[in-house]
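Q: Here's a sequence, model it:
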Amino acid sequence: MAGGADHGDSQFNIHPMDQFRVEPLFGSGEVHWYTITNATLWMFLTVGAITLLMVFGSRGRALIPSRGQSVAEMTYGFVRKMVEDVAGKEGAKYFPYIMTLFLFILGSNVLALLPGSFAATSHIAVTAVLAVAVFVTVTAIGFVKHGAGFLKLFWVSSAPTVALRIVLAIIELISYFVRPLSHSIRLAGNMMAGHAVLKVFAGFAGALGVGAVIPIAAIAAIYGLELLVAFIQAYVFAILTCVYLNDALHPSH
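A: You can find the predicted model right below:
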């Protein structure tokens with residue numbers, strides 16, 4: 001997705017976009033849709049980490065929970081409450097899907113903070129697939145549940161005049177189809193920006209050597225901020241999914 005910077009001579013030798021290169025995991029050459037890449041590896045590692053936490057970490061179901069069980073139960077309760085608060089009791093049946101989205105994005109974001117890792121969620125190709133899947137799913141739910149009545153979502157019946165209702169319907173329709181674009185760009189943009197800034201300060205720290213007190217302090221601060229952003233972006237993606245689901249379940253204005 002993101003190419004590297006010009007690799008000419010540079011005093012600080014900082015190329016913050018190189019970390020976003022998608023490269024074959026085995027050998028070299030062009031990347032095709034079937035090529036196993038560094039992005040593929042880190043997405044599989046994300047799934048493995050989630051499995052360890054949610055399946056193996058909580059399988060004991062002890063009366064006095066272990067740390068892994070406590071984290072798994074807290075995560076489950078947090079997402080479950082979010083779904084019920086935003087989409088209502090009727091939306092609880094779609095909790096497993098939203099839970100999966102939340103855990104995958106959070107796991108990918110957190111693992112991307114490890115040295116030498118790859119931020120899969122910094123790529124629009126990954127986040128767009130997640131966003132389009134949400135868009136198609138909630139639209140299908142809306143039409144299956146309400147039929148043509150789902151179109152009430154775009155008709156603001158409380159508007160005073162028919163002309164204004166038509167204008168608002170066009171605006172609502174445009175905003176609806178923009179959802180997957182904004183849903184995906186928000187996540188990818190935030191992750192890419194944070195990791196690029198970290199790389200820049202790391203480059204300064206490497207160039208300054210023993211005098212790199214300020215860049216190292218900045219790296220520590222930004223790293224803590226990125227850890228918070230990793231959670232916030234997973235939460236925002238999940239809660240927007242809940243909002244869209246609520247619109248599909250209750251389309252009337």
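Q: Relative to Ala148, how far out is Ser157?
A: Counting by CB to CB, to the nearest Å, the gap from Ser157 to Ala148 is 15 Å. (C-beta placed from N, C-alpha, C; glycine too.)
Q: packing partners for the longest helix along the chain?
A: Using DSSP state H to define each element, the chain has its longest helix at helix 162-208. With contacts defined as 3 or more CB pairs under 8 Å, 6 or more residues apart in numbering; DSSP states H and E, helix 162-208 has these neighbours: helix 124-146, helix 213-249.
Q: per-residue pLDDT, Gly57?
A: For Gly57, the pLDDT comes out at 73.
Q: Pretty sure it sits against Glu73.
A: No: counting by CB atoms under 8 Å, Gly57 stays clear of Glu73, with 9.6 Å between them.
Q: Mind checking which of these two has more residues around it?
A: Taking neighbours as other CB atoms under 10 Å, Gly57 and Glu73 compare with Gly57 leading, 19 against 15.
Q: how about the residue lying closest to that one once chain neighbours are set aside, what does it touch?
A: Nearest in space to Gly57, with sequence neighbours left out and distances taken as CB to CB, 6 or more residues apart in numbering, is Gly68 at 3.0 Å. Residues near Gly68 by CB atoms under 8 Å, 6 or more residues apart in numbering: Leu53, Phe56, Gly57, Ser58.
Q: Could you pull up phi and psi at the third one?
A: Backbone torsions of Gly57, given as degrees, to the nearest 10, read phi -70, psi -20.
Q: now do the last one
A: Note on Ser58: backbone dihedrals following degrees, to the nearest 10 are phi -120, psi 10.
Q: Just the endpoints, please. Distance across stretch 81-99?
A: Stretch 81-99 has an end-to-end distance of 11 Å (CA to CA, to the nearest Å).
Q: For it, buried residues please.
A: Within stretch 81-99, the residues that count as buried by 16 or more other CB atoms under 10 Å are Met82, Val83, Val86, Ala87, Gly91, Tyr94, Phe95, Ile98, Met99.
Q: try stretch 241-250
A: Neighbour-count burial for stretch 241-250, counted by 16+ other CB under 10 Å, picks out Thr241, Cys242, Tyr244, Leu245, Asn246, Asp247, Ala248, Leu249, His250.
Q: With just CA atoms, put that stretch into PDB.
A: Extracted in PDB, the C-alpha atoms of stretch 241-250 (Å, rounded to 0.1, in the frame of the first residue of the first chain):
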ATOM      1  CA  THR A 241     -21.100  -1.000  13.800                       C
ATOM      2  CA  CYS A 242     -23.600  -1.100  16.600                       C
ATOM      3  CA  VAL A 243     -25.000   2.200  15.500                       C
ATOM      4  CA  TYR A 244     -25.400   1.000  11.900                       C
ATOM      5  CA  LEU A 245     -27.000  -2.200  13.200                       C
ATOM      6  CA  ASN A 246     -29.400  -0.200  15.300                       C
ATOM      7  CA  ASP A 247     -30.400   1.700  12.100                       C
ATOM      8  CA  ALA A 248     -31.100  -1.600  10.400                       C
ATOM      9  CA  LEU A 249     -33.200  -2.900  13.200                       C
ATOM     10  CA  HIS A 250     -35.100   0.300  13.800                       C
END
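Q: Many thanks, have a good one.
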